[in-house]
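J.: Fold the following.
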Amino acid sequence: MLELWEFYDSCRSLGVDIIPFVPCPAPGATMRDGEDYAIFLDFSKIGGIRAMKGVCFHELGHAATGALHKVNSPFETVARSEYRANSYLARRFLTRERLRQAYNDGCRELWQLSEYFDIPEADLQKALDYWANQETMDN
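T.: Numbering: from 1, shown residues only. Alright, predicted model coming up:
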């Protein structure tokens with residue numbers, strides 16, 4: 001299971017501020033000022049703890065990798081930034097070892113893995129896609 005303390009510990013070690021912000025245009029946003037990063041969270045747009053974990057860990061991926069983009073950036077720039085943020089979640093938190101443990105614990109379906117890690121299915125699918133792509137590249 002992914003725990004929120006992992007998110008908070010990572011933010012603390014990276015020096016990333018967490019700021020509640022209503023109204024944020026999205027459930028979460030990451031911004032940089034010079035070398036300083038902050039994650040803004042609009043709790044009014046986050047529906048439950050599982051969704052909150054998805055938003056938090058995704059935004060942490062942006063801050064940890066520096067994968068930011070302007071709102072009006074070209075699609076390719078946005079896609080690269082989102083990919084880097086999503087792949088950070090896989091490499092740092094949804095590692096091969098953690099996924100293997102979930103499999104050994106009986107989780108075979110996407111919904112089972114989502115419940116096991118307590119994150120949204122969409123975020124888990126992106127991690128699985130990342131690892132499937134890595135396997136393809138390794139062969």
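J.: Look at residue 112 and tell me its secondary structure.
T.: Using DSSP: H, G, I helix; E, B strand; the rest coil, the structure places residue 112 in helix.
J.: burial of it, as a residue count?
T.: 14 (other C-beta atoms under 10 Å). Every C-beta, even on glycine, is put in place using the N, C-alpha and C of the backbone.
J.: So it sits against residue 106, correct?
T.: Yes. Between residue 112 and residue 106 there is a contact at 7.5 Å, judged by C-beta atoms under 8 Å.
J.: Which of the helices or strands spans residue 30?
T.: strand 28-33 (DSSP states H and E).
J.: With residue 116 instead?
T.: Assigned by DSSP H and E, residue 116 belongs to helix 110-117.
J.: Can you get me the centre-to-centre distance for that helix and its chain?
T.: Averaged C-alpha coordinates place helix 110-117 at 15 Å from its chain's average position (C-alpha atoms, centre = their mean, to the nearest Å).
J.: Pull the contacting residues for residue 33.
T.: Applying C-beta atoms under 8 Å, 6 or more residues apart in numbering to residue 33 gives no contacts.
J.: Quick check: pLDDT value at residue 17.
T.: pLDDT, residue 17: 96.
J.: do the same with residue 14
T.: pLDDT for residue 14: 96.
J.: What's the local residue count around it?
T.: For residue 14, using other C-beta under 10 Å, the count is 11.
J.: Hmm, it is touching residue 64, no?
T.: Yes. If you go by C-beta under 8 Å, residue 14 and residue 64 touch, sitting 6.0 Å apart.
J.: now the spatially most central residue of the chain, nearest residue through space, not along the chain?
T.: Nearest to the mean C-alpha position of the chain, counting by C-alpha atoms, centre = their mean, stands residue 58 at 2.3 Å. Among residues not flanking residue 58 along the chain, residue 85 sits closest, at 5.7 Å (C-beta to C-beta, 6 or more residues apart in numbering).
J.: Quick check: the one you found is in a strand.
T.: No. Looking at residue 85 with three-state DSSP, it is helix, so not inside a strand.
J.: That one: neighbour count?
T.: When neighbours are counted by other C-beta under 10 Å, residue 85 comes out with 23.
J.: Give me the pLDDT for it.
T.: So residue 85 comes in at 95 (pLDDT).
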